[in-house]
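**Q** only geometry, no sequence info:
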């Protein structure tokens with residue numbers, strides 16, 4: 001396993017995964033030309049965790065905006081996290097939103113419901 005450090009741009013989020021601390025941060029805007037290709041290293045890393053015990057992993061989603069195609073891939077990330085949690089691992093998902101961004105709050109609630117997986121919905 002290795003750390004992932006992708007520096008965000010105007011169209012892509014920062015993705016930082018610290019393997020030692022088992023902490024994942026996805027932060028910024030997600031409107032890449034090809035979200036499947038962009039998120040592929042992260043998805044591959046998460047798939048690897050299906051074969052080893054993780055213990056506890058914490059994920060911070062601090063997205064300010066993402067488009068529809070990114071939302072599908074984010075759902076894939078969440079599906080992988082749920083699979084990891086189903087193997088006796090403790091996964092904590094923190095979904096951050098601005099106090100006046102009710103859309104982002106609602107999306108976090110929807111993802112949590114769809115995944116049947118509790119999120120911490122936290123105001124920035």
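**A** Looks like it came in fine. All of these numbers come straight from a predicted model, not from anything done at the bench.
**Q** residue 47 - how many residues pack around it?
**A** 12 (other Cβ atoms under 10 Å). C-betas here are computed from N, CA, C, even on glycine.
**Q** which element is it on?
**A** Taking DSSP states H and E as the criterion, residue 47 maps to helix 35-48.
**Q** all the helices of this structure, residue numbers only.
**A** Assigned by DSSP state H, the chain shows helices spanning 35-48, 68-85, 102-115.
**Q** of those, which approaches residue 16 most closely?
**A** Distance to residue 16, taken as Cβ to Cβ, is lowest for helix 35-48 among the helices of the chain, at 10.2 Å.
**Q** on contacts alone, who are the packing partners of that closest one?
**A** Contact partners of helix 35-48 among helices and strands, from 3 or more Cβ pairs under 8 Å, 6 or more residues apart in numbering; DSSP states H and E: strand 4-6, strand 14-18, helix 68-85.
**Q** in a markdown table, list these along with mean pLDDT, distance to residue 45 and mean neighbour count.
**A** Listed next are the helices and strands packed on helix 35-48 as a markdown table, based on pLDDT from 0 to 100; distance: least, Cβ to Cβ, whole Å; neighbours: other Cβ atoms under 10 Å:
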| stretch | mean pLDDT | distance to residue 45 | mean neighbour count |
| --- | --- | --- | --- |
| strand 4-6 | 95 | 6 | 14 |
| strand 14-18 | 96 | 6 | 18 |
| helix 68-85 | 95 | 9 | 17 |
